[in-house]
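Q: My questions concern the predicted model and sequence given below.
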There are 2 protein chains.
Amino acid sequence: MRDMDNGAGPVRQDALRSLLGYNFKRSYMRIHRDIRATLAGFDLTQRTFSVLSVVAETPGISQSEISRALEIERSGTVVIVDGLEGRGLIQRDKVPGDRRAYALTVTSAGSDLHARALAALRACEDRIFGTFTPQERAHLRALLDLIQNEEQPDETQ
Amino acid sequence: MRDMDNGAGPVRQDALRSLLGYNFKRSYMRIHRDIRATLAGFDLTQRTFSVLSVVAETPGISQSEISRALEIERSGTVVIVDGLEGRGLIQRDKVPGDRRAYALTVTSAGSDLHARALAALRACEDRIFGTFTPQERAHLRALLDLIQNEEQPDETQ
DNA sequence: TATTGTTATACTCTATAACTATA
DNA sequence: TATAGTTATAGAGTATAACAATA
């Protein structure tokens, strides 16, 4: 009787369900819940993992470059890098040519944690998308890429 | 030279990009930005629009039913309903059989705003997915449904 | 002038807990 | 005991603004 507690009848949400945006949100919440739980086991969040990952793959990257690549505010990147450095996962080194910036690299501990968290995330996705065929996974990825590469509305006028 | 500011070379994010979850997040952020801007024109958020929409389509629905249908905490629903009621978009009526609950319905102003916001959202989605073929839209919707209907990990043991 | 890194602040969103009235 | 609604609070996540040092 869950949908008929007060006699209003089943809960209709035809309008919401007709919107791709709403279904996208619900799907994302479903995925995000599992990803968050997986990363919590490594004391990481989506953001801290993303920063760790980019540093691991781009040794010498600066904080500003991270901000641009991941679309995080610079002020937010500082806090994340502080945390990762404090845990001995990455380190800040001086940049010879530019005394403003740091060159970030992962420590061996950071590299190790990144590898283990990445493996856990792949396992997590295998669970979430376990019923998907390889073709369905590829198609989903292709559609997500299409969305990300959409023209942005021109805000310069 | 945006990706080579410090000589670290182009920013690599192969690991992140190999994860469906990360691409999902980026796509969702892209879509959400436009949806939020669209709804802001009606002084609505995704949540307040969702509640308004469900009330419009299920006259007499209770707050608890909204919470279950939209997966919002009851305490959050109260605040949203307060706001919509304060703006004259929905109203709370007594339920004959249950003195605890309210029967919610939209006012004519609420019905009108819902219709206009819904039309704006459809137009917004037409812009976002303008380059998608009808088949691609349908396929995306089908894949999103698959994700939402995934078995949840059993937490009752 | 623009950019890098930083700090402090504020705001939004959401979850949690505790409570009352009623079933 | 369980449910409907409510209130207050706290936390996470994120954005904004201002600043010093350097380019």
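A: Arrived safely, thanks for sending.
Q: can you tell me which residues contact A:Arg116?
A: By CB atoms under 8 Å, 6 or more residues apart in numbering or on different chains, A:Arg116 lies in contact with A:Phe42. The C-beta positions use only the backbone N, C-alpha and C, and glycine is treated the same way.
Q: any idea which helix or strand carries it?
A: Taking DSSP states H and E as the criterion, A:Arg116 maps to helix A:108-128.
Q: buried residues in that helix?
A: Judged by neighbour count using 16 or more other CB atoms under 10 Å in any protein chain shown, the buried positions of helix A:108-128 are A:Gly110, A:Ser111, A:Leu113, A:His114, A:Ala117, A:Leu118, A:Ala120, A:Leu121, A:Arg122, A:Cys124, A:Glu125, A:Ile128.
Q: will you turn the residues you listed into a markdown table that also has distance to chain B and pLDDT?
A: Below are the buried residues of helix A:108-128 laid out as a markdown table (distance: CB to the nearest CB, whole Å; pLDDT from 0 to 100):
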| residue | distance to chain B | pLDDT |
| --- | --- | --- |
| A:Gly110 | 13 | 97 |
| A:Ser111 | 12 | 98 |
| A:Leu113 | 13 | 97 |
| A:His114 | 8 | 97 |
| A:Ala117 | 10 | 97 |
| A:Leu118 | 6 | 97 |
| A:Ala120 | 11 | 97 |
| A:Leu121 | 6 | 96 |
| A:Arg122 | 7 | 96 |
| A:Cys124 | 8 | 95 |
| A:Glu125 | 6 | 95 |
| A:Ile128 | 6 | 92 |
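Q: residues in contact with the most centrally placed residue in chain A?
A: Central residue of chain A (CA atoms, centre = their mean): A:Gln46, 4.6 Å from the mean position. Going by CB under 8 Å, 6+ apart, A:Gln46 touches A:His32, A:Ile35, A:Arg36, A:Leu39, B:Tyr22, B:Lys25.
Q: any idea which of those residues has the most stuff around it?
A: Most neighbours among the contacts of A:Gln46, by other CB atoms under 10 Å in any protein chain shown: A:Ile35, with 24 neighbours.
Q: Pretty sure that one sits against A:Leu121.
A: Yes - assessed by CB atoms under 8 Å, A:Ile35 is found in contact with A:Leu121 at 6.7 Å.
Q: list residues touching both of those two?
A: Taking CB under 8 Å, 6+ apart as the contact rule, the neighbours common to A:Ile35 and A:Leu121 are B:Gly21.
Q: Backbone dihedrals for A:Val54, please?
A: A:Val54 adopts backbone torsions of phi -70, psi -40, taken as degrees, to the nearest 10.
Q: What is the neighbour count of it?
A: As a measure of burial, A:Val54 has 21 neighbours, counting by other CB under 10 Å.
Q: can you pull the contacts of it?
A: Shown in contact with A:Val54 (CB under 8 Å, 6+ apart): A:Ile61, A:Ile66, A:Ala69, A:Leu70, B:Val11, B:Arg12, B:Gln13, B:Leu16.
Q: Are any of those buried, and if so which?
A: By 16+ other CB under 10 Å, the contacts of A:Val54 give A:Ile61, A:Ile66, A:Ala69, A:Leu70, B:Val11, B:Arg12, B:Gln13, B:Leu16 as buried.
Q: for chain A, which spans come out with low pLDDT?
A: A:1-7, A:152-157 (pLDDT under 70).
Q: could you show me where the helices are in it, in order?
A: Taking DSSP state H as the criterion, chain A carries its helices at A:14-18, A:20-40, A:46-57, A:63-70, A:74-86, A:108-128, A:134-148.
Q: what comes into contact with the first one?
A: Under the contact criterion CB under 8 Å, 6+ apart, helix A:14-18 has outside partners A:Tyr22, A:Asn23, B:Ser50, B:Ser53, B:Val54, B:Ala56, B:Glu57, B:His114, B:Leu118.
Q: Just want the angle from the top strand by length along chain A to helix A:108-128.
A: Determined from DSSP state E, the single longest strand within chain A is strand A:98-106. Counting by axes from the mean of the first three to the mean of the last three CA atoms, to 10 degrees, strand A:98-106 lies at 60 degrees to helix A:108-128.
Q: Tell me if strand A:98-106 is near DNA strand C.
A: Yes - using CB under 7 Å from any atom of the strand, strand A:98-106 comes into contact with DNA strand C via A:Asp98, A:Arg100, A:Ala101, A:Tyr102.
Q: Pull out the buried residues from those residues.
A: By neighbour count, with 16+ other CB under 10 Å, the residues of strand A:98-106 next to DNA strand C hold A:Ala101, A:Tyr102 as buried.
Q: Quick one: the residues of strand A:98-106 next to DNA strand C as JSON lines, columns for distance to B:Gln91 too.
A: Below are the residues of strand A:98-106 next to DNA strand C laid out as JSON lines (distance: CB to CB, whole Å):
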{"residue": "A:Asp98", "distance to B:Gln91": "62"}
{"residue": "A:Arg100", "distance to B:Gln91": "58"}
{"residue": "A:Ala101", "distance to B:Gln91": "58"}
{"residue": "A:Tyr102", "distance to B:Gln91": "58"}
